[in-house]
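In: Fold the following for me, if possible:
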Amino acid sequence: MILQSGPGRRALNLIGFAVCAALMAYAYYVQYALRIEPCPLCIFQRIGVAVMGLILLLAGLHLPRRFGAHVYSALIAVASLATVGLAIRHLWIQHMPEGTVAACGASLQFLLKIFSLTEVITKVLTGSGECHQINWSMLGLSMPAWVLLAALGLGALGVYANSYARR
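Out: Next up is the predicted model:
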């Protein structure tokens with residue numbers, strides 16, 4: 001069923017891209033203006049948001065027919081779910097009791113120089129002390145909680161836009 005009212009697929013995809021761009025801009029503002037360094041899990045969440053934004057941009061510019069729109073819908077869903085998974089993992093680490101998380105490790109840049117990408121991903125997902133710290137919050141929610149909500153919303157928007165909205 002195709003809905004006939006409301007914004008079309010292109011507009012919704014481009015709105016989603018704009019939201020991703022705003023999220024990335026704010027993440028860099030927090031890092032460089034507020035001087036809060038992102039932990040490795042934060043960086044992976046940024047990558048997830050950037051991938052969602054890129055797919056939304058491509059879907060908005062390409063404006064494919066039915067099959068292509070469903071492919072974009074699936075890609076957005078996968079990127080969204082991956083980002084949600086990372087955010088959930090980060091929230092779990094943040095809510096572990098003090099002393100149960102491994103001590104802070106090396107920076108992500110150092111790890112990438114020493115280990116293979118798969119080893120780095122494994123090490124980051126096991127969490128470290130720096131991922132446990134909550135050094136930014138808004139309305140009682142930490143950064144990964146906001147990323148979780150944004151990724152869910154953007155995923156839903158992308159799936160709706162490319163599976164149900166009018167072309």
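In: How about Leu157: what's its closest non-neighbour residue?
Out: Leaving aside its sequence neighbours, Leu157 sits nearest to Gly16 (Cβ to Cβ, 6 or more residues apart in numbering; 5.0 Å). The C-beta positions use only the backbone N, C-alpha and C, and glycine is treated the same way.
In: That neighbour and Leu34: what is the separation?
Out: As judged by Cβ to Cβ, to the nearest Å, Gly16 and Leu34 stand 26 Å apart.
In: When the two are compared, which one has more neighbours?
Out: Legend: neighbour count by other Cβ atoms under 10 Å for Gly16 and Leu34, higher for Gly16 (27 against 9).
In: which ones are touching the more buried one?
Out: Residues in contact with Gly16 (Cβ atoms under 8 Å, 6 or more residues apart in numbering) are 52-53, 56, 60, 76, 154, 157-158, 161.
In: And Ala82, by the same measure?
Out: Residues in contact with Ala82, defined by Cβ under 8 Å, 6+ apart, are 48, 51.
In: follow-up on the earlier one: my guess is the residue nearest to Leu157 is in a strand, correct?
Out: No - if the criterion is DSSP: H, G, I helix; E, B strand; the rest coil, then Gly16 is helix and not within a strand.
In: Which pLDDT value goes with it?
Out: On pLDDT, Gly16 comes in at 96.
In: and if you look at Ala50?
Out: Ala50 is given a pLDDT of 96.
In: surely it meets Met24?
Out: Yes - at 6.2 Å, Ala50 counts as touching Met24 under the criterion of Cβ atoms under 8 Å.
In: between the two, who's got more neighbours?
Out: Shown here are Ala50 and Met24; by other Cβ under 10 Å, Ala50 has more neighbours (17 against 14).
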